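Undergrad: take a look and give me a structure for this.
(2 chains, ligands or ions: 4)
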2 protein chains.
Amino acid sequence: MHGLMQDRPLMISSLIEHAARFHPGTEIVSRLPEGGTHRTDWAGIRRAACQVANALEALGIRPTERVATLAWNSWRHLAMYFGVSGSGAVLHTVNPRLFPEQIAYIINHAEDQVLFFDTTFAPLVEKLAPQLKTVKAYVCMTAPEHMPSIDVPHLHCWDELVGGQSDAYTWPEFDERNASSLCYTSGTTGNPKGVLYSHRSTMLHTLMELAPDTFGISSRETVMLIVPMFHANGWGTPYAAAMVGAKLVFPGPHLDGQSVYELMRDERVTFSQGVPTVWLMLFQYLDANPQIDPRALGVKRIGIGGAAVSRGMLDRFEREFGAEVMQGWGMTETSPIGVISKLLPKHDGMSEEEQVKVKLKQGRGVWGVDLKIVDDEGKVQPWDGQAFGHLRVRGPWIASGYFKGEGGSPIDEEGFFSTGDVANIDPDGFLQLVDRAKDVIKSGGEWISSIDVENAASSHPGVAEAAVVGIAHPVWQERPLLIVVRRAGSQVSAEDLRAYLTERLAKWWLPDDVVFVDSLPHTATGKLLKTKLREQFKDYVASAKGA
Amino acid sequence: MHGLMQDRPLMISSLIEHAARFHPGTEIVSRLPEGGTHRTDWAGIRRAACQVANALEALGIRPTERVATLAWNSWRHLAMYFGVSGSGAVLHTVNPRLFPEQIAYIINHAEDQVLFFDTTFAPLVEKLAPQLKTVKAYVCMTAPEHMPSIDVPHLHCWDELVGGQSDAYTWPEFDERNASSLCYTSGTTGNPKGVLYSHRSTMLHTLMELAPDTFGISSRETVMLIVPMFHANGWGTPYAAAMVGAKLVFPGPHLDGQSVYELMRDERVTFSQGVPTVWLMLFQYLDANPQIDPRALGVKRIGIGGAAVSRGMLDRFEREFGAEVMQGWGMTETSPIGVISKLLPKHDGMSEEEQVKVKLKQGRGVWGVDLKIVDDEGKVQPWDGQAFGHLRVRGPWIASGYFKGEGGSPIDEEGFFSTGDVANIDPDGFLQLVDRAKDVIKSGGEWISSIDVENAASSHPGVAEAAVVGIAHPVWQERPLLIVVRRAGSQVSAEDLRAYLTERLAKWWLPDDVVFVDSLPHTATGKLLKTKLREQFKDYVASAKGA
Ligand SMILES: Nc1ncnc2c1ncn2[C@@H]1O[C@H](COP(=O)(O)OP(=O)(O)OP(=O)(O)O)[C@@H](O)[C@H]1O
Ligand SMILES: Nc1ncnc2c1ncn2[C@@H]1O[C@H](COP(=O)(O)OP(=O)(O)OP(=O)(O)O)[C@@H](O)[C@H]1O
Ligand SMILES: [Mg+2]
Ligand SMILES: [Mg+2]
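TA: Ligands and ions are numbered 1, 2, ... in the order given. The predicted structure is shown next:
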């Protein structure tokens, strides 16, 4: 027996209709790639979204076809979030920081029909166009006076193609399980794989994102979205902001410390989200300008994810900004919210040191994300904060597979998705990331966290960057190799580092050898490319004895 | 093309699993009908919910069958919210304040198979039992030593029947559109009608309830639920509290001012929800005990709905308690959240008087509730804060009809539900309730709000209570009749009141006549029973001329 409630599908278009109806005048501020600042509001975004939908119709795009963006965070990108998905097409946000051959691979794999791009990427697009097999039209997201002179077929100017459309459009209603957007993973552990979100998964994720235990976004908020809109739906915040009519502030390509600081200050930002790297750039700017008092910014909360938050970053935001730090763990495959670190009332009475320990964990599960950790044989591990295992997650905004079945099924018998991460979980449900499964070093049946060893090595003043990979060992199966980039001017030796680490790590975690290099390989998104390092050092034979 | 996201149904059972997994030790405190205070936690509620599910199985209850409660707010009632719905049966929360013949009608109409009841209602149950055609078993929600000696067939004691079950239970998974609970309307305008919620509608409503723009409930909260769990799912808060693991405090039947005050104080309540009447009782207690400083309670927010919030109530909570008041409008048919009054950033700069005007409106639409107002012909009225019309609402937690098709289809061509309320909506989307459609007085084609006239009359110091109904008029069709209960000792006359109202109302809104009575008829839930008044005064001929 069904309930007698209205059968309304969860549609992304309902978000922009709500925002325009209840918060028409709330501002959307964008710093543009061409320079200058653009101001519109939710009513304006709705009009632009309707124009996008009409433009797609004019280009002959049919429901479920993919429409790609190579774009910074901006009002035009925001309008596409609603206009493309709302019309029934699929928004494919391409990460422009990937290597050009990865971008071409992704666009062809997704069979994108139209490519929208910012002026910044005009040279890239000109270079790629001959390889793009399915793209029928290119749209540069700019005004006529900024149109690049590039040799690309079927090139349109946003203001002419989109701006020339009627802003009257009736959103279709369809199955909420239909695909809404597509985003490829960062390619840290292999080729990027496509995650295909649905209207339903997006809407449920958005609802949960509003909860105070998650990001707690409200109509009173001014959100500066630093995390790119091509990273897992901009962490879902473009949707969440529309659901409550929050003010949105977009830095565009201007992610240097000074630009971020000035935008925060000028727009009275209350909440901002980004990966650790961008905050480090902000800190550098503040270091160089000690006259600035970050507390005067009035920023209340900072959301950080994608990589671990360091103690220093936590302290600085809390003490100098007076802001609360909310760390999150997630993946492209989890929409991306998986866990969020928020103290519980039971932590109130604890010492600051104890609280910091909790805050530096990746976070606690929110409703909608079931967690489990299992050993190599799939046996469930206890939540004691010690035992660690492969992290698996389940829920309505977690992927069930990859686009075109790439990489086979990541789902176990109980319906959980294998994250490829290794973690422990404490009795309060706080998850702590130990390592990536592919990076963990298996020594004599026990696991060594490459991240822990890297962190310990990086804390040495002579070390600029450190990586740890496993090398084959006849007795222990694998042993850690430490690869170090010395800080300019430093003469730190392998002996120095071994002595330093001996005080900080269990004896059997100590690297068998230390190698010095000039630089380490990174992915397009700045993560350590350990696949390459493992390849490079696969025949390395350690000089030391092993533990 | 579907997205590639996990296809997980939205199940109420997932709430209690989440709460027990991530917040096992968070307390659930109940004042019991038998006296004393009971303390358990979310892990305990989960165990009890599993026992409830096993007890239903033992009683032979099958999925979709209805299980009724006649119960106060308590941990046992909470366990039933999850245990009954989670097992696939339908929880029917019966309002014990209805007249006994209404209760019998409702239980028979719902075809309830089991009736769970608090000791308070033992005499009522004994009286009703012979009329209840479908009830196969009765369960008194108490311990053996408090079992009433009543003559009722198949009578069980909770602690024996439920407490004797295993607390191991695997929640079934099924279609999220399946019915989860059933609640009848208050019967203010006619016979109570059954609203049948689904797992899907309940879960979406719960997610939205967490948003800071709605009730903003978090794991850091201690919620005292004063609104009865037999009123539209306790406003959804039992579910919301589980979704985030908030501490819950239940007053049981102890709703007098002193009990409410003491429980608030002793349990450090941060948020509480209730109808205006219960707050008036709290105020009376505080009036009698001027030594109490309500600010010391530390209550942060008060949610009020079901009837309009008065200026005096708003002021008192803000000034004496230092608490934020969140008014909401809703109905049994809207799960119940429809609109919530929360100031926008644009109101920050306004004067206090202007802010109060906004706060006293019923509230602003949240995502998921589409609003429209239409005239008698169904023509949509503008959102200008002036024009008013019949309020219609649409969304995934709004009813599409009543149980067993009672009252025909309340849905219009666009899928909107007709609320029976009359309202205006301002350009910011704030809704103001004008009247119930059945109570509005139609004078010469124009509408007079009976509520506005009642409020004006009630503000006269000589008036204890006032009601306004329409009486037939040869020229104007209908004219207002004011019916007044004088305050003890007052000699206020019809002339006095007319003079008083002349300064406060438009001339054509002035009542044609004033009648003094000793008392006014009320519904079981304390609302004015205007159907009865209209019946009583249907042949009344006004002595005045009419406007
Ligand atoms: N708070 C965090 N702390 C540490 N690591 C994190 C955190 N949040 C995310 N991560 C890491 O980022 C990963 C998700 O990143 P993303 O989805 O961008 O692609 P990727 O895993 O880097 O690339 P690919 O899947 O293509 O190899 C997680 O699996 C985890 O390893
Ligand atoms: N904040 C509010 N201010 C004024 N009136 C309100 C408010 N909230 C709810 N109401 C009134 O309460 C009604 C909903 O009450 P409920 O669902 O308990 O049953 P009822 O309408 O009183 O009874 P019935 O539908 O059986 O006649 C709304 O339609 C509205 O008239
Ligand atoms: Mg990955
Ligand atoms: Mg009603």
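Undergrad: list the contacts of the residue lying closest to residue A:193 once chain neighbours are set aside.
TA: Excluding the flanking residues, the one nearest residue A:193 by CB to CB, 6 or more residues apart in numbering or on different chains is residue A:402, at 4.2 Å. All C-beta atoms are positioned from the backbone trio N, CA, C, and that covers glycine. Listed by CB atoms under 8 Å, 6 or more residues apart in numbering or on different chains, the contact set of residue A:402 reads A:193-196, A:410, B:4.
Undergrad: now do residue A:165
TA: A:50-52, A:54-55, A:58.
Undergrad: which stretches in the stretch 151-300 of chain A count as helices?
TA: A:158-161, A:199-210, A:237-244, A:257-266, A:276-288 (DSSP state H, counting those that start in this stretch).
Undergrad: who wins for proximity to ligand 1 among those?
TA: helix A:276-288 (8.6 Å; CB to the nearest ligand atom).
Undergrad: which SS class is residue A:127?
TA: helix (DSSP: H, G, I helix; E, B strand; the rest coil).
Undergrad: what do you get for residue A:495?
TA: Applying three-state DSSP: residue A:495 is helix.
Undergrad: mind checking how far it is from residue A:453?
TA: 17 Å (CB to CB, to the nearest Å).
Undergrad: by neighbours, which of the contacts of residue A:402 wins?
TA: residue A:195 (27 neighbours; other CB atoms under 10 Å in any protein chain shown).
Undergrad: what's the distance between the residue nearest to residue A:193 and residue B:205?
TA: 33 Å.
Undergrad: cool, and residue A:99?
TA: Counting by CB to CB - residue A:99 and residue B:205 are separated by 46 Å.
Undergrad: same drill for these two, tell me which one is more crowded.
TA: Between residue A:99 and residue B:205, counting by other CB under 10 Å, residue B:205 is the more crowded of the two (28 against 11).
Undergrad: OK, contacts around the more buried one?
TA: Here residue B:205 is in contact with B:236, B:239, B:335, B:337, B:368, B:397 (CB under 8 Å, 6+ apart).
Undergrad: try 7 Å
TA: By CB atoms under 7 Å, 6 or more residues apart in numbering or on different chains, the residues touching residue B:205 are B:236, B:335, B:337, B:397.
Undergrad: equivalent analysis for residue A:33, please.
TA: Counting by CB under 7 Å, 6+ apart, the residues that residue A:33 touches are A:72, A:118-120, A:252-253.
Undergrad: cool, and residue A:523?
TA: A:186-188, A:529.
Undergrad: go on, residue A:122?
TA: A:140, A:148, A:150.
Undergrad: need the helix or strand of chain A with the lowest average pLDDT.
TA: Across the helices and strands of chain A, mean confidence by mean pLDDT, DSSP states H and E is lowest for strand A:446-448: a mean of 89.
Undergrad: for that one, which residues meet the burial criterion?
TA: A:447-448 (16 or more other CB atoms under 10 Å in any protein chain shown).
Undergrad: stretch A:87-107 now?
TA: A:87-96, A:98, A:102-107.
Undergrad: before we move on, what about stretch A:125-138?
TA: A:125-126, A:128-129, A:132, A:134-135, A:137-138.
Undergrad: which pair in the residues you listed spans the largest distance?
TA: Farthest pair in the buried residues of stretch A:125-138 (CB to CB) is A:126 and A:134. Separation: 17.6 Å.
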